[in-house]
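Can you look at this prediction? I've put the sequence above it.
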Amino acid sequence: MPRLLSLLLYFLLILAISPSHAQSSVTSDFSSYQDEAQQIIDTALNDQEAFDRLTYFVDKFGHRFSGSENLENSIDWIVSEMKKQPFDDVKTQEVMVPHWVRGEESATLLAPRKKDLPMLGLGGSIGTSEGGIEAEVLVVDSFQDLQQKADRAKGKIIVYNVPFTTYGETVQYRYRGGIEAAKVGGVASLIRSVTPYSMQTPHTGNSSYEEGIKKVPQAAITLEDATLLHRLQKQGANIKIRLSMNAKTLPDVQSRNVIAEIKGSEKPEEIVVLGGHIDSWDVGQGAMDDAGGCFAAWEAVMLMRKLGLSPKRTVRVVMWTNEENGLRGATAYRDMVKKNGTVDNHVLAIESDGGVFKPRGFGFGGSDKGYQMVSAVAELLESIGSDVVNRGGGGADIGPIMREGVPGMGVLVDGSRYFWYHHTAADTIDKLDEREYQQSIATMAVMAFVIADADQTLAR
């Protein structure tokens, strides 16, 4: 027995000092960064200028739709401001983007009574003929319901009154509503806006067409009016709408990604990238979606400089263009880093594109070892309640490089109000809270700094 006990103790000792165990202990303890993390948090929470900069920006430029002068002017301003700051490099990357123009548009209920219907054409939609479309209405509550009523659909404006469940599920009616309507002979598609809450606010967003299927105009109406039309149909009313849209798609135009970075002090070839998308829809200010995410990333990197922190790896902020109706900026960035051979040097990509509301933490897409490491880093954020790390996460703009093997994280926030304002004229700066914005900056800064400075590279 003594010999067996000795062998067992020897075996346990070997396990304790083995490389795999040593690596696990290193990646799971970042308590040595507690002072720097708290310094970042305290400084972010006491920064009275960050929210003012975001407010000035969205008030000055308004919406920043791909192809618009507003977008390019806003990029000029950002680059000019960044070049005044202690970045080691500031540049832009040229990207050709779609140029869809909304034009004048309206929807009017003609029968059983006259009523103007607040509406927004969906991105990429064709326009109506010059005189518009006047047609009877067929209201359905699902694609299956449309198929069951297909014999009644020809020549009708199809209205989808589909309640919001999740964004991923409900947004299919925005993407495919026009396609499915055209298949059964519908002359236009009107969707109930993709939102759980409305105050007569229509929500826009991208739509699609399918080769070989006739293109029909596509637009969104409000939750209130979609349910009204459904009630009228159930009451047996003859419903008629006039839809007028001057939308058109022009040739692609040039836009730019914005790229700025501070070089790593020991491993400058390794990169932690964080950012959001600088374009927005052509309504509202795009304050929540996604100027707030872009500026939070910008402020996070400058916070490191302000505090004299010099992470071992390069920290890069990217403001991607054309996320809303094309993802051209994201794919161009992916192509660039593949071409110059640096995609494998990207240690971690962090995206903020869910609104800068109260941060809860992150969703992480990567290996189990990487998850353990970022979860341990997130413990440093416990004081502001953003220490949660869920499995699975990323974002639209970091998606292309994540598919090349780069670990990715999306900032998790209290999203209870996000889809109230998403893609609407109500996406304005007053919907954001300065304290929550400061916490979002701190959350991104702590994670980016520690991962960029850690002795170990984040495991893939």
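Structure's in. What do you need?

So the chain: which segments form each domain?
31-100+251-453, 105-246 (automatic domain parsing).

Just name the most buried of those.
For these, average neighbour numbers computed from mean count of other C-beta atoms under 10 Å are highest in domain 31-100+251-453, which has a mean of 21. Where C-beta positions appear, they are placed from N, C-alpha and C, glycine not excepted.

Quick one: mean pLDDT for that one?
For domain 31-100+251-453, the per-residue pLDDT values average out at 98.

Give me the distance between the two termini of it.
Domain 31-100+251-453 has an end-to-end distance of 13 Å (C-alpha to C-alpha, to the nearest Å).

for the protein, longest strand please?
strand 248-262 (DSSP state E).

For that strand, which strands pair with it and how are they oriented?
According to DSSP bridges, strand 248-262 forms sheet pairs with strand 89-101 (antiparallel), strand 313-320 (antiparallel).

hey, C-alpha coordinates of the first one in CSV?
Pointing back at strand 89-101 there. Output of strand 89-101 as CSV, limited to C-alpha atoms (Å, rounded to 0.1, in the frame of the first residue of the first chain):
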residue,chain,number,x,y,z
ASP,A,89,-1.3,54.6,-38.2
VAL,A,90,-4.5,55.9,-39.7
LYS,A,91,-5.7,54.9,-43.1
THR,A,92,-8.7,54.1,-45.3
GLN,A,93,-9.4,51.2,-47.5
GLU,A,94,-11.4,51.9,-50.7
VAL,A,95,-14.5,49.8,-51.2
MET,A,96,-17.1,49.8,-54.0
VAL,A,97,-20.6,49.8,-52.4
PRO,A,98,-24.2,49.6,-53.7
HIS,A,99,-26.1,52.8,-54.3
TRP,A,100,-29.8,52.4,-53.7
VAL,A,101,-31.9,55.6,-53.5
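
So which residues of the stretch 301-450 of the chain form helices?
328-339, 368-378, 399-402, 418-421, 434-453 (DSSP state H, counting those that start in this stretch).

mind putting those helices in a markdown table, distance to D279 included?
A markdown table is the format used below for the helices of the stretch 301-450 of the chain (distance: least, C-beta to C-beta, whole Å):
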| stretch | distance to D279 |
| --- | --- |
| helix 328-339 | 8 |
| helix 368-378 | 28 |
| helix 399-402 | 16 |
| helix 418-421 | 17 |
| helix 434-453 | 20 |
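
one step back: CSV for the domains of the chain, including distance to R460?
CSV is the format used below for those (distance: least, C-beta to C-beta, whole Å):
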stretch, distance to R460
domain 31-100+251-453, 6
domain 105-246, 26
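
contacting residues for the spatially most central residue of the chain?
For the chain, the residue nearest the mean C-alpha position is D353 (3.2 Å; C-alpha atoms, centre = their mean). By C-beta atoms under 8 Å, 6 or more residues apart in numbering, D353 lies in contact with 276-277, 289-290, 293, 323, 395-397, 410.

Grab the nearest non-local neighbour of V406.
Leaving aside its sequence neighbours, V406 sits nearest to H346 (C-beta to C-beta, 6 or more residues apart in numbering; 4.4 Å).

cool, and G399?
G399's closest residue in space is A330 (C-beta to C-beta, 6+ apart), at 6.6 Å.

In the stretch 201-350 of the chain, mark out all the strands, start to finish.
Assigned by DSSP state E, counting those that start in this stretch, the stretch 201-350 of the chain shows strands spanning 218-221, 240-245, 248-262, 267-277, 313-320, 346-351.

then the longest one to PDB, C-alphas only?
What follows is strand 248-262, C-alpha atoms only, in PDB (Å, rounded to 0.1, in the frame of the first residue of the first chain):
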ATOM      1  CA  LYS A 248     -34.000  53.000 -57.900                       C
ATOM      2  CA  THR A 249     -30.600  51.300 -57.900                       C
ATOM      3  CA  LEU A 250     -27.800  53.300 -59.300                       C
ATOM      4  CA  PRO A 251     -24.300  52.100 -60.300                       C
ATOM      5  CA  ASP A 252     -21.900  51.200 -57.400                       C
ATOM      6  CA  VAL A 253     -19.900  54.000 -55.900                       C
ATOM      7  CA  GLN A 254     -16.700  54.200 -53.800                       C
ATOM      8  CA  SER A 255     -16.700  54.300 -50.100                       C
ATOM      9  CA  ARG A 256     -14.100  53.400 -47.500                       C
ATOM     10  CA  ASN A 257     -13.300  51.400 -44.400                       C
ATOM     11  CA  VAL A 258     -11.500  53.400 -41.700                       C
ATOM     12  CA  ILE A 259      -8.500  51.600 -40.100                       C
ATOM     13  CA  ALA A 260      -6.500  53.000 -37.200                       C
ATOM     14  CA  GLU A 261      -4.100  51.300 -34.800                       C
ATOM     15  CA  ILE A 262      -1.600  51.400 -32.000                       C
END
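
relative to helix 434-453, how tilted is that strand?
60 degrees (axes from the mean of the first three to the mean of the last three C-alpha atoms, to 10 degrees).

contact partners of stretch 114-124?
So stretch 114-124 is in contact with 98, 100, 102, 105-109, 174, 178, 190-191, 200-209, 217-222, 225, 241, 245, 247, 249, 281, 283, 324-325, 423-424, going by C-beta under 8 Å, 6+ apart.

where's the longest strand of the chain relative to the chain centroid, distance-wise?
17 Å (C-alpha atoms, centre = their mean, to the nearest Å).

Next: stretch 276-287.
Counting by C-alpha atoms, centre = their mean, stretch 276-287 comes out at 10 Å from the chain centroid.

From one end of it to the other, what's the distance?
By C-alpha to C-alpha, the extent of stretch 276-287 from end to end equals 12 Å.

do you know how far Q48 is from K84?
19 Å (C-beta to C-beta, to the nearest Å).

Please disregard the earlier target; I meant L54.
Where K84 is concerned, L54 sits at a distance of 17 Å (C-beta to C-beta).

do the same with K306
K306 is 14 Å from K84, by C-beta to C-beta.

likewise L348?
Taking C-beta to C-beta, one finds L348 at 28 Å from K84.

Same question for I41.
With C-beta to C-beta as the criterion, I41 and K84 are 26 Å apart.

Also A454?
Distance from A454 to K84, by C-beta to C-beta: 30 Å.

for Y333, same thing?
From Y333 to K84 the distance is 24 Å (C-beta to C-beta).

Please apply the same query to V162.
48 Å.

quick one, what contacts L303?
Per C-beta under 8 Å, 6+ apart, neighbours of L303: 40, 43-44, 47, 441, 445.

can you do 10 Å?
39-41, 43-44, 47, 50, 309, 441-442, 444-446, 448-449 (C-beta atoms under 10 Å, 6 or more residues apart in numbering).

what does L412 give?
Contact partners of L412, counting by C-beta under 10 Å, 6+ apart, are 352, 354, 357-364, 386, 388-390, 393, 443.

Please repeat the previous calculation with a cut-off of 8 Å.
L412 makes contact with 354, 359-363, 386, 388, 390, 393, according to C-beta under 8 Å, 6+ apart.

can you list the residues you listed in a markdown table and add distance to A237?
Formatted as a markdown table, the contacts of L412 follow (distance: C-beta to C-beta, whole Å):
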| residue | distance to A237 |
| --- | --- |
| G354 | 40 |
| P359 | 48 |
| R360 | 46 |
| G361 | 49 |
| F362 | 50 |
| G363 | 46 |
| S386 | 51 |
| V388 | 49 |
| N390 | 47 |
| G393 | 46 |
